[in-house]
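**Q** predicted model follows, preceded by the sequence.
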Amino acid sequence: MVPAYEKIRIAFQKTGNAKFISHLDLDRTMKTALTRAGIKVEHTHGFNPRPYLVFSLPSSVGTESLCEFLDVNVAEGSDISGFRERLNVNLPDDIAVTDVYRPETDFKRIKDAEYRLTVVSPLMDGDMCERINELFRSPVFVEKRTKKTESGFMDYDIQPYIRSLVCGLSNPGEAVITTVVSAENATYINPEYIIKAICKYLSVDLTDPENSVYNIVRTAVYGQNGEIFR
Amino acid sequence: MMFYKDTLLKQVLKPGRYTGGEFGQVIKDPSKVDCRWVFAFPDTYEIGMSNLGVRILYGALNAEPDIYCERTYAPWVDMEEQLEKHGIPLTSHETGMPLSEFDIVGFTLQYELCYTNVLNMLKLGKIPLASAERGEDDPIVIGGGPCSYNPEPIADFFDVFSIGEGEVALVDFSKLYIKMKKNGTYSRSAFLHEAAKLPGFYVPSLYDVSYNEDGTVKAYTPVYGDVPAKVTKRIVEDFNTAFYPDKPVMPYIECVQDRITLEIMRGCIRGCRFCQAGMIYRPVREKDPALLNEQARRTFENTGYDEISLCSLSTSDYTGLRELTNGLLSWTDDNMISLTLPSLRADSFTDELMQKISSVRTSTLTFAPEAGTQRLRDVINKNLTEEEVLRACRVAFSNGKTAVKLYFMIGHPTETDEDIKGIAELAKTVIKSFYELDDRPKGKPQVTISVACFIPKPFTAFQWEPQDSLEEYRRKQKLLGSCCDDRRIKYNYHDADGSLIEAVLARGDRRLCAVMLEACRRGMRFDAWSEYFDFDKWMRLFSDCGIDPAFYANRRRRDDEIMPWDVIDCGVSKKFLLSEKKKAYEGKTTQSCAEGCAGCGANSLGGVNRWCPLTKK
């Protein structure tokens, strides 16, 4: 008899060192953490059974996130009240589960994501912030990996998929960009593109560790009607 | 500084190699410890994190409240470029401290081709390369692992080597360090002199080496009277009480061996004449099956791994195998954990074992006949018949497998072209036996033969033997290729180039230190990686340093020649090895420890164990 399973959603954050963990490695980290926490999840049914994990919208390597989601199937009617604590003691310090619940939504509803980009550089002043705000009001082409061209890259206008972008100075030499961009499959905007575009169009190098640093945090995920996704 | 590292990590491939912060890493307050170690693995994170020895030593040292052991790995070339470009030293994973600020830096030496990485890591860690150039504030650099049984080619760069099993020895070593620091008697030279008197520690600078006119070693002379003339290897007496790492660090990125490694036995009862591990890990000591089962269970709870590998040099020789596998299977299936048994001998592979390792998921089965004909298998003392190989393959086929892998080596002493052809013949016989089976699975059989080049190693019966020349290796590889005329045979072979360099370093002496120093100056590293190994560069290097590689690799040693590694006593006597060499040429085999004691001498080391009847209590 096939046991009955039901879907549960694990909402978590990955910050600090964990932002450098790729999607595939996050998958491994979560699988072993679930096992350590004693949470039995449904396995795939092939020759090589593996825990069946579905992540929504994994953030790219180097990006911190306060809103990641993972769906797994557990035995129907499981008591999930202790899952959050059990997972947290079994996860690295930089990954923290914020909530475990029975979801009412589907990952397909995800439309947009909000990011906060903090840029620390002597180049950042009020004038530069204004230029950044101006930049994203017209088409902005960045190089994107693709299988369509021979070189493996194509120029891509990201501006139509940027819903909003505001750049302001938070401290001298420190600018904060808050932006909402598309998170849908076909038009997904990697927040690193924003940095790339600034470097390209405003002729600044934000990737030189001697002079500047930047950090990107995904702060929210929105559904089709602009509602906070959960 | 945190942000600084951040930007660097965005420039490199696989930043997870460098972040640290993994689940299970040990965090201590550095101000509350008396001795700070960093364990440096001279290869990438993925290789280093897979190493059981490192897991053991990391755990054993950190089990001591006054010692803090951290980890570091060889940065890949992209990270190395970033470090050099920005003048940042190589640091530890746990606290991000530069290597040069540690008390002790430990390198594990698993294979000869990692030597260039060792020097490169010292350079990146801003530690003076030569032991003689290090000052009072520099760390003590210690080496260990299988290559330290002949550490001479890198002796100049190490202050001391740990010979044998380190889980107890390194704690003793650290305690000596702490004691001398506390009572004010510490200086580099005083500490190294004291360390050389601890059992199992070899301090190269305390031995003068002289050479004969023909280039061979004349003598090793201790500088002080109270330093032993021969350093005897240290062992863990009772394997049941040995430290077992049941809470290893969980790597963030996928590693080569990402599973529970259960070490069931140390040493091997067999005595294959080419095998170094079979000699240096003697005497054979087994661990209690019930204890192993308990350790496996605890490790599973701490790690969540879905695979347990029963590890030893010859797993099917472990006498508690049935009890252990039954014990494990009573809970592993329910938890979707599969068992794997590497190092299975064909003669003891049974239906029962096959079913036990395939209850959840299976991998490819590999057997190692090592040589293609019975005559040569007798020469190398493999003690395996063709019928036993065929029977093992039939078990695999009957249980639904269509593919098997067979390991061989070419270049064994006394090898002829008939032996080479015999490898392909054996593969063909395996294919034939597939079709003779009534219960064979659907599909075509596939036999993969992987063929390595023989490298004569210290402390083996073949330590006196010349290695085949490169031309001869290439000729034999081609000959074998021409015999593999069946598409159901897949033929893989190792490049002979790397084997020659390994052979030079494996049996080299201290004069090779100049070569290694120059290799580092020329920026050589990652020589175990085909994309960075450059044979021509090595040949130029030898020639520029006035070293003839053939002297080390292809020369037959006289029976009475003093070897560079004679300063080390691994327990197995030279007399035994010589008699084994003689028997090899006579085509006579030697019984395994299970059948009776062959008198190798390792029992003189003591140890609580099963096999040595003459063990001193």
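**A** Now that the structure is in, tell me what you want to look at.

**Q** find the nearest non-adjacent residue to the residue most central in space within chain A, please.
**A** Chain A has residue A:59 as the residue nearest its centroid, 2.6 Å off, counting by C-alpha atoms, centre = their mean. Spatial nearest neighbour of residue A:59, chain neighbours left out: residue A:65 (4.3 Å); criterion: C-beta to C-beta, 6 or more residues apart in numbering or on different chains. Where C-beta positions appear, they are placed from N, C-alpha and C, glycine not excepted.

**Q** where does the residue lying closest to residue B:46 once chain neighbours are set aside land in three-state SS?
**A** Leaving aside its sequence neighbours, residue B:46 sits nearest to residue B:255 (C-beta to C-beta, 6+ apart; 4.7 Å). What DSSP: H, G, I helix; E, B strand; the rest coil gives for residue B:255 is coil.

**Q** tell me, how many residues neighbour residue B:255?
**A** Residues within reach of residue B:255, counting by other C-beta atoms under 10 Å in any protein chain shown, total 18.

**Q** residue B:588 now?
**A** Number of residues near residue B:588 (other C-beta under 10 Å) recorded here: 12.

**Q** got the buried residues for the strand ranked longest in chain A?
**A** For chain A, the strand with the greatest residue count under DSSP state E is strand A:63-75. Buried residues in strand A:63-75, counted by 16 or more other C-beta atoms under 10 Å in any protein chain shown: A:63-74.

**Q** any stretches of the chain with poor pLDDT?
**A** In the absence of a named chain, chain A is used. Applying pLDDT under 70 to chain A flags the ranges A:1-2.

**Q** should've been chain B
**A** Those would be B:1-4, B:362, B:609-610, B:613-617, if you go by pLDDT under 70 across chain B.

**Q** return the residues of it in contact with chain A.
**A** Contact residues, chain B versus chain A (C-beta under 8 Å from any C-beta of the partner chain): B:3-4, B:6-11, B:14-16, B:19-23, B:86, B:250, B:252-254, B:258, B:300-306, B:335-336, B:360-361.

**Q** rerun at 6 Å
**A** Within reach of chain A by C-beta under 6 Å from any C-beta of the partner chain, chain B has these residues: B:3-4, B:6-10, B:15-16, B:19, B:21-23, B:252-253, B:304, B:336, B:361.

**Q** from the residues you listed, keep the buried residues only.
**A** B:6-10, B:15-16, B:19, B:21-23, B:252-253, B:304, B:336, B:361.

**Q** can you show me the CA trace of stretch B:212-221 as PDB?
**A** Extracted C-alpha coordinates of stretch B:212-221, given in PDB (Å, rounded to 0.1, in the frame of the first residue of the first chain):
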ATOM      1  CA  ASN B 212      78.100   7.000  -1.900                       C
ATOM      2  CA  GLU B 213      79.900   8.000  -5.100                       C
ATOM      3  CA  ASP B 214      77.300   6.100  -7.200                       C
ATOM      4  CA  GLY B 215      74.600   8.400  -5.700                       C
ATOM      5  CA  THR B 216      73.100   5.800  -3.400                       C
ATOM      6  CA  VAL B 217      72.600   6.500   0.300                       C
ATOM      7  CA  LYS B 218      75.600   5.800   2.500                       C
ATOM      8  CA  ALA B 219      74.300   6.500   6.000                       C
ATOM      9  CA  TYR B 220      71.700   8.300   8.100                       C
ATOM     10  CA  THR B 221      73.300   9.600  11.300                       C
END
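
**Q** contacts only, for residue B:602.
**A** By C-beta atoms under 6 Å, 6 or more residues apart in numbering or on different chains, residue B:602 lies in contact with B:282-283, B:571-572.

**Q** neighbour-wise, give me the winner out of those residues.
**A** Neighbour max across the contacts of residue B:602 (other C-beta under 10 Å) = residue B:282, 29 neighbours.

**Q** burial count for residue 102?
**A** Because you didn't say which chain, this covers chain A. Close neighbours of residue A:102, defined as other C-beta under 10 Å, add up to 11.

**Q** looking at chain B here, not the other one
**A** 27.

**Q** residue B:36 is in contact with that one, correct?
**A** Yes. Assessed by C-beta atoms under 6 Å, residue B:102 is found in contact with residue B:36 at 5.1 Å.

**Q** hmm, back to that, can you list the helices and strands that the longest strand of chain A packs against?
**A** Other elements packing on strand A:63-75 under the criterion 3 or more C-beta pairs under 6 Å, 6 or more residues apart in numbering or on different chains; DSSP states H and E are strand A:5-14, strand A:53-56, strand A:213-223.

**Q** for chain B, which of the ones you listed is the nearest?
**A** The stretch from the helices and strands packed on strand A:63-75 with the least distance to chain B (C-beta to the nearest C-beta) is strand A:213-223; that distance is 3.9 Å.

**Q** so does the closest one get close to chain B?
**A** Yes. Using C-beta under 6 Å from any C-beta, a contact is recorded between strand A:213-223 and chain B, made by residue A:213.

**Q** between that strand and strand A:5-14, how big is the angle?
**A** Calculated by axes from the mean of the first three to the mean of the last three C-alpha atoms, to 10 degrees, strand A:213-223 forms an angle of 150 degrees with strand A:5-14.

**Q** for strand A:213-223, what is the distance to the chain centroid?
**A** 7 Å (C-alpha atoms, centre = their mean, to the nearest Å).

**Q** same check on stretch B:450-462?
**A** 13 Å.

**Q** what about it, start to end distance?
**A** Chord length of stretch B:450-462, first to last residue, is 22 Å (C-alpha to C-alpha, to the nearest Å).

**Q** what does it contact?
**A** B:149-150, B:273-274, B:276, B:279-280, B:407-412, B:465, B:467, B:473, B:492-494, B:496, B:499, B:502-503, B:506, B:565, B:570, B:577, B:580-581, B:584.

**Q** now, of the residues you listed, which are buried?
**A** For those, buried by 16+ other C-beta under 10 Å: B:149-150, B:273-274, B:276, B:279-280, B:408-412, B:465, B:467, B:473, B:493, B:496, B:499, B:502-503, B:506, B:565, B:570, B:577, B:580-581, B:584.

**Q** those in strands, which ones?
**A** Those of the buried ones among the contacts of stretch B:450-462 lying in strands (DSSP E): B:408-410, B:493.

**Q** farthest-separated two in those?
**A** Greatest spatial distance in these: B:409 and B:493, 10.4 Å, computed using C-beta to C-beta.

**Q** just checking, next helix/strand downstream of the helix or strand harbouring residue B:375?
**A** Secondary structure from DSSP states H and E places residue B:375 in helix B:374-379. Scanning forward in sequence from helix B:374-379 by DSSP H and E, the next helix or strand is helix B:386-398.

**Q** can you list contacts of that next one?
**A** B:346-347, B:349, B:351, B:354, B:365, B:367, B:369, B:404, B:430, B:433-434, B:437, B:439-440.

**Q** buried set for it?
**A** B:386, B:388-390, B:392-397.

**Q** also stretch A:176-192?
**A** Neighbour-count burial for stretch A:176-192 flags A:176-177, A:179-183, A:189-192 (criterion: 16+ other C-beta under 10 Å).
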